[in-house]
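S.K.: here are the coordinates; sequence isn't available:
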């Protein structure tokens, strides 16, 4: 952050800012994961337990791609946000498990 | 503040204007904490939904109700809007205000399209199936969860629209840049929540019914 290069636009373009390419790849990856999920359900006839696991894996993968690439969590200097989000998801998961356990077992 | 606003000419901006000031960096850090809290909020709503999803009373069940094509189109719209939101941040990093405003506008319009689909979907459920908020425990938890996500979309549309106006008026500065960045984070998070909504509510609803 000390290195600002305030002296002109030419310098700015040389910075580490990636082009749209990486984000378009993340987008295509998300579309493919979504398509697999929808196609599996639309086709039907697949083993239910397998479908449930497949759907959840597709969702988690897609969320990781979006958090990592689009929200930059995989970039340097994001340790604290990762801890925040991991904590949030952990408590969210705990709520779901606790509610289901409380009602149905 | 006046010295910051004097920095209007975009070619004098640092290359990551949203993180150039301590205030900007703190805003982003604080927003992550907010998003973590939002994750917990949606976690409780998902917990309620998953607990009550089979309690359909005399109303229709999930697999009778949901239509995959509408959900697929809504998902595609929201996913594309997340990408256009990324493009707006990249335009901001290039210091291209015009492109930034264009991509933000596209994002808002796509969000509005998503919202229209959701309103249409709810309208169909209420008019054709008589499936209201009080039909069953399943319907209450469904409308609360999906409606809460829809409310986030409405809020995002209003918020980003205001930011478009502010950037158009004040230009891209180290004061306005963090606002753009934080609103983009919010929009991505809304998309992240939707990934779980379409998976857990709609797709799993069709599969395990």
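M.R.: That came in fine, so what should we check first? The shown structure was predicted, so the numbers you read here are calculated from the model rather than taken from an experiment.
S.K.: out of everything not next to it in sequence, what's closest to the closest residue to chain B within chain A?
M.R.: Here the residue of chain A nearest chain B is residue A:92; by Cβ to the nearest Cβ that distance is 2.4 Å. Every C-beta, even on glycine, is put in place using the N, C-alpha and C of the backbone. Closest residue to residue A:92 in three dimensions, ignoring its sequence neighbours and counting by Cβ to Cβ, 6 or more residues apart in numbering or on different chains: residue B:43, at 2.4 Å.
S.K.: List the contacts of the one you found.
M.R.: With contacts defined as Cβ atoms under 8 Å, 6 or more residues apart in numbering or on different chains, residue B:43 is in contact with A:88-89, A:91-96.
S.K.: Residue ranges in the chain under the pLDDT threshold?
M.R.: Looking at chain A here, since you left the chain open. Applying pLDDT under 70 to chain A picks out residues A:1-18.
S.K.: Chain B is the one I meant
M.R.: With pLDDT under 70 as the threshold, chain B has low-confidence stretches at B:1-11, B:209.
S.K.: all strands of it, in order?
M.R.: Remark: strands of chain B are absent; assignment by DSSP state E.
S.K.: Which residue does it have closest to chain A?
M.R.: residue B:43 (2.4 Å).
S.K.: Pretty sure residue B:194 sits against residue B:71.
M.R.: No - contact between residue B:194 and residue B:71 fails when scored by Cβ atoms under 8 Å: they sit 9.9 Å apart.
S.K.: now the host helix or strand of residue A:86, how far from the centre of its chain.
M.R.: Element membership of residue A:86 [criterion: DSSP states H and E] is helix A:79-104. For helix A:79-104, the distance from its own C-alpha centre to the chain's C-alpha centre is 16 Å (Cα atoms, centre = their mean, to the nearest Å).
S.K.: What residues sit buried inside it?
M.R.: Using 16 or more other Cβ atoms under 10 Å in any protein chain shown as the burial criterion, the residues of helix A:79-104 that qualify are A:81, A:84-85, A:88-89, A:91-92, A:95-96, A:99.
S.K.: Give me the packing partners of that helix, helices and strands only.
M.R.: Other elements packing on helix A:79-104 under the criterion 3 or more Cβ pairs under 8 Å, 6 or more residues apart in numbering or on different chains; DSSP states H and E are helix B:22-52.
S.K.: Show me which parts of the helix it packs on are buried, residue by residue.
M.R.: B:24-25, B:27-28, B:31-32, B:35-36, B:38-52.
S.K.: That one vs helix A:79-104, what angle?
M.R.: Angular relation of helix B:22-52 and helix A:79-104 on a 0 to 180 degree scale: 20 degrees, by axes from the mean of the first three to the mean of the last three Cα atoms, to 10 degrees.
S.K.: Surely residue B:21 is in contact with residue B:173?
M.R.: No - with contact defined as Cβ under 8 Å, residue B:21 and residue B:173 do not form a contacting pair (9.9 Å).
S.K.: With neighbour numbers in mind, choose between these two.
M.R.: With other Cβ atoms under 10 Å in any protein chain shown as the criterion, residue B:21 and residue B:173 differ in neighbour count, and residue B:173 comes out ahead with 22 against 18.
S.K.: For residue A:65, list the residues it contacts.
M.R.: Residues in contact with residue A:65, defined by Cβ under 8 Å, 6+ apart, are A:26, A:29-30, A:33.
S.K.: Helices of chain B, residue ranges please.
M.R.: Assigned helices in chain B, in chain order: B:2-5, B:22-52, B:62-65, B:68-93, B:97-129, B:137-170, B:176-196, B:204-208 (criterion: DSSP state H).
S.K.: Just name the most buried of those helices.
M.R.: Greatest average neighbour count among the helices of chain B goes to helix B:176-196 (a mean of 23), per mean count of other Cβ atoms under 10 Å in any protein chain shown.
S.K.: Show me what that one is packed against.
M.R.: In terms of contact count using 3+ Cβ pairs under 8 Å, 6+ apart, helix B:176-196 is assigned the packing partners helix A:48-65, helix B:22-52, helix B:68-93, helix B:97-129, helix B:137-170.
S.K.: filter the contacts of residue A:65 down to the ones near chain B?
M.R.: Judged by Cβ under 8 Å from any Cβ of the partner chain, the overlap between the contacts of residue A:65 and the neighbourhood of chain B comprises residue A:30.
S.K.: Now list the buried members of the contacts of residue A:65.
M.R.: Buried among the contacts of residue A:65 (16+ other Cβ under 10 Å): A:26, A:30, A:33.
S.K.: Now do the contacts for the first one.
M.R.: Think residue A:26. Counting by Cβ under 8 Å, 6+ apart, residue A:26 touches A:65-66, A:69-70.
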